[in-house]
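Got a sequence here, can you build the structure:
(2 chains)
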2 protein chains.
Amino acid sequence: MSDTMMLVQEVAPRDGLQIEAAWVETAEKIALVNALSEAGFSRIEVSSFVSPKAVPALRDAAEVFSGIRRRPGTVYVALIPNPKGAERALAAGVDEINLVASVSETHNRANMGMSPDDSIAGFSRIMETVKGASVLTNATVATAFGCPFEGDQPVDKVVAQVERYRALGITGITLADTTGMANPRQVERLVARVLEIVPAEHLTLHFHNTRGVGLANVLAAWQVGARRFDAALGGLGGCPFAPGATGNICTEDLVSMAHEMGIRTGLDLPALIALSRDLPRLVGHEVPGQVAKAGRPCDLHPVPRAA
Amino acid sequence: MSDTMMLVQEVAPRDGLQIEAAWVETAEKIALVNALSEAGFSRIEVSSFVSPKAVPALRDAAEVFSGIRRRPGTVYVALIPNPKGAERALAAGVDEINLVASVSETHNRANMGMSPDDSIAGFSRIMETVKGASVLTNATVATAFGCPFEGDQPVDKVVAQVERYRALGITGITLADTTGMANPRQVERLVARVLEIVPAEHLTLHFHNTRGVGLANVLAAWQVGARRFDAALGGLGGCPFAPGATGNICTEDLVSMAHEMGIRTGLDLPALIALSRDLPRLVGHEVPGQVAKAGRPCDLHPVPRAA
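Numbering: from 1, shown residues only, chains lettered A, B, ... in the order given. Presented below is the predicted three-dimensional model:
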């Protein structure tokens, strides 16, 4: 992976839409994913094969996967909570499954109804299920930068969980700042440590901008060698513990920062801005992204006429 | 200046309030500055001695200065556009005057109605005016990271302007990203260059979060040795070219990031959060700051009851 290339995985269709109160029509979701493909993403997290009762907003995961136009070279990802979800994902022709367990016992119990150990035992059964299928695998360490119930999580515990994922044969690893608690110094340390055991081309950083520090965390991770980042168009995503706070780091803000720094992403920023400006219509409220409001730094303004 | 100490200058009363449409009562401004003093700021930009016609929101600058309680050790700053403003500031007992000229010819003409050369000639007259008075001096290079009309500004031109300020005997220098066009790589380069001629204890970085990159720019500046930053409570400030975009970097978000990184600020973050939460009442609209909505990372949440 080039030193001047950043891989941005778009997660708005999954992590963004999953907490939206208003139902987004399946056809709209398909159109969004298609437009994201055309904007140049090599990875899109499309939906989640979770219980429709748990996440009603994504109950049409299979329909979305069957409806999208697949751009050659783009990996279409789905979040998978359990072996049953993995079977549904395989049937839907998902390119990559993303498994999630929190490093925090309390958060995993609250979120998944079981201990992290039981979640990871489930991963083992999922890996059995997908054996032989041509599907890529990724697993996420949620609350890697802090748990909203427990607080800080020890680095050694996060690293141990990454090692357990790798021992199961899972290729991709995501460190997730699930509720936006990370800071740049912590990011620097944890990412440097995990890069000792996971190559940069397989490590994704998933930051939320809950406390405004999302892009500073990206910068810190980039500086120690991370090259892959999740982001959501418009900064969709939110946080159940922080009503009114921003969600995932915003794709077009991230891409604008990268391009301004001379880092390539392969993405069509004006297309992303246009898509982001359409989000309020889709989700029924304003979204936090800034570049869609302000334009790119290179979008100059006419000189005001002298008074 | 300690390696682990960040100096945050609060600018909400000036850069924040100056673009607010609703009139904020003088007594409210005084109460805000007093509360900021109590929260621990060693520097507060209180108001601006500009023409009341140009900036009606700050037409009560003298009354505010005469009404505030001065905390020993805190420097109360005013923005000054011309020699007449300097005289008014001296009469009001301002501790430090802050002069501003853009490096961009076009921006300075649009903003100040004259060339940067004429602005700097005015600084010279102002320095004559304040000679012998016990007032500190600072001058700002506006649009140092880009002009919304002209685009990029050459580093050499910015450095030359800094040198002209210093040659006039002005102690403090501020590099301002007036409309939020900076990126971390550019910040790193320009700040490193200016730190060769201005010591860190006299160099302030003034970033706007117009494109979501404000705190990443702070991080980049900090890493090359900058230690002083302007910020506005709640992220007040806005940008006339980007309706709906965020304003100055948000004080409590910056302070939260710093504290989480182990960098001291001497500021009372819970007090800042409480003050920020009161801003919508003061200015009549929501403000962009995130930590006031989400709480500090260490503010943990109760574990949800099992279903």
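
Skip the chain neighbours and tell me the closest residue to the closest residue to chain B within the stretch 51-200 of chain A.
Among the residues of the stretch 51-200 of chain A, residue A:183 lies nearest to chain B; the distance is 3.7 Å by C-beta to the nearest C-beta. In this view, the C-beta of every residue, glycine as well, is placed from N, C-alpha and C. With sequence-adjacent residues excluded and distances taken as C-beta to C-beta, 6 or more residues apart in numbering or on different chains, residue A:183 is closest to residue B:260, at 3.7 Å.

in the stretch 1-150 of chain A, what spans have low per-residue confidence?
A:1-2 (pLDDT under 70).

now the helices for the stretch 51-200 of chain A?
Using DSSP state H, counting those that start in this stretch, the helices of the stretch 51-200 of chain A run over A:61-67, A:83-91, A:105-112, A:116-130, A:155-167, A:184-194.

In CSV: those helices, plus mean neighbour count.
Output for the helices of the stretch 51-200 of chain A, formatted as CSV (neighbours: other C-beta atoms under 10 Å in any protein chain shown):
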stretch, mean neighbour count
helix A:61-67, 19
helix A:83-91, 19
helix A:105-112, 20
helix A:116-130, 18
helix A:155-167, 17
helix A:184-194, 20
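
Show me what the residue nearest the centre of chain A bridges to in the sheet.
With distances taken as C-alpha atoms, centre = their mean, residue A:230 lies nearest the centre of chain A, 3.8 Å away. Note on residue A:230: beta-bridge partners by DSSP bridges are residue A:9, residue A:206.

Contacts only, for residue A:287.
Counting by C-beta atoms under 8 Å, 6 or more residues apart in numbering or on different chains, residue A:287 makes contact with A:234-236, A:250, A:276, A:279-280.

same for chain B: which of the residues you listed are within range?
Restricting the contacts of residue A:287 to those near chain B by C-beta under 8 Å from any C-beta of the partner chain leaves A:235, A:250.

List only buried entries from the contacts of residue A:287.
Neighbour counting by 16 or more other C-beta atoms under 10 Å in any protein chain shown classes A:234-236, A:250, A:276, A:279 among those as buried.

what's the most distant pair in these?
A:250 and A:279 (10.5 Å; C-beta to C-beta).

Need the residues touching each of the two.
With C-beta under 8 Å, 6+ apart, residue A:250 and residue A:279 have common neighbours A:233-234, A:287.

Where does pLDDT dip in the stretch 201-307 of chain A?
Using pLDDT under 70, the flagged stretches of the stretch 201-307 of chain A are A:306-307.

Pull the contacting residues for the residue lying closest to residue A:198 once chain neighbours are set aside.
The shortest distance from residue A:198 to any non-neighbouring residue, by C-beta to C-beta, 6+ apart, is to residue A:173 (4.9 Å). Taking C-beta under 8 Å, 6+ apart, we find residue A:173 in contact with A:138-141, A:162, A:165-166, A:194, A:198, A:202-204.

so residue A:173 bridges to which residues?
Beta-bridge partners, per DSSP bridges, of residue A:173: residue A:139, residue A:203.

pLDDT score for it?
Confidence at residue A:173, expressed as pLDDT, is 98.

Show me what from the stretch 51-200 of chain A comes close to chain B.
So far as C-beta under 8 Å from any C-beta goes, the stretch 51-200 of chain A lies against chain B at A:106, A:109-110, A:113, A:146, A:148-151, A:180-181, A:183-186.

Wait, residue A:282 touches residue A:25, no?
No: using C-beta atoms under 8 Å, residue A:282 is not in contact with residue A:25; the gap is 9.1 Å.

So for these two, which sits in the more crowded spot?
residue A:282 (23 against 10; other C-beta atoms under 10 Å in any protein chain shown).

Quick check on residue A:48: phi, psi?
Backbone geometry at residue A:48, expressed as degrees, to the nearest 10, gives phi -140, psi 130.

who's in contact with the closest residue to residue A:253 other than its chain neighbours?
Closest residue to residue A:253 apart from its sequence neighbours, by C-beta to C-beta, 6+ apart: residue B:212 at 3.7 Å. Going by C-beta under 8 Å, 6+ apart, residue B:212 touches A:209, A:214-215, A:235, A:250, A:253, A:256-257, A:289-291, B:246.

switch the cut-off to 7 Å
By C-beta atoms under 7 Å, 6 or more residues apart in numbering or on different chains, residue B:212 lies in contact with A:215, A:250, A:253, A:290-291.

what does residue A:296 give?
By C-beta under 7 Å, 6+ apart, residue A:296 lies in contact with A:256, A:269.

mind checking how far the residue nearest to residue A:133 when sequence neighbours are not counted is from residue A:173?
In space, and not counting its chain neighbours, residue A:133 is closest to residue A:90: 5.5 Å by C-beta to C-beta, 6+ apart. Distance check for residue A:90 against residue A:173: by C-beta to C-beta, to the nearest Å, it reads 21 Å.

thinking residue A:284 is in contact with residue A:22, fair?
Yes: between residue A:284 and residue A:22 there is a contact at 4.5 Å, judged by C-beta atoms under 7 Å.

quick one: contacts of stretch A:131-139?
The contact list for stretch A:131-139 (C-beta under 7 Å, 6+ apart) reads A:75, A:90, A:94-99, A:123, A:130, A:165, A:170-174.

Could I get the full set of strands for chain A?
Per DSSP state E, chain A carries strands over the ranges A:7-10, A:43-48, A:75-80, A:96-102, A:136-142, A:172-176, A:203-206, A:228-231.

Can you give me the buried ones in stretch A:13-33?
Buried-residue list, stretch A:13-33, by 16+ other C-beta under 10 Å: A:13-18, A:20, A:24, A:26, A:28-33.

just checking, which of those belong to helices?
Judged by DSSP state H, these include A:26, A:28-33 as members of helices.

Identify, from those, the entry nearest to residue A:226.
residue A:33 (25.4 Å).

ok, now how distant is that closest one from residue B:189?
39 Å.

ok, now residue A:144?
Residue A:144 sits 32 Å away from residue B:189, going by C-beta to C-beta.

re the thing from before, from the contacts of residue A:287, which ones fall inside helices?
Counting by DSSP H, the part of those found in helices is A:276, A:279-280.

Might one say that residue A:185 is in contact with residue B:259?
No: Residue A:185 lies out of contact with residue B:259 (C-beta under 7 Å); the separation is 10.9 Å.

With just CA atoms, put stretch A:240-247 into CSV.
Taking Å, rounded to 0.1, in the frame of the first residue of the first chain, the C-alpha atoms of stretch A:240-247 are listed here in CSV:
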residue,chain,number,x,y,z
PRO,A,240,-27.0,6.4,21.4
PHE,A,241,-25.3,7.9,24.5
ALA,A,242,-24.9,11.4,23.0
PRO,A,243,-28.1,12.8,21.5
GLY,A,244,-27.2,15.6,19.1
ALA,A,245,-23.5,14.5,18.9
THR,A,246,-21.9,13.7,15.5
GLY,A,247,-21.5,10.2,14.3
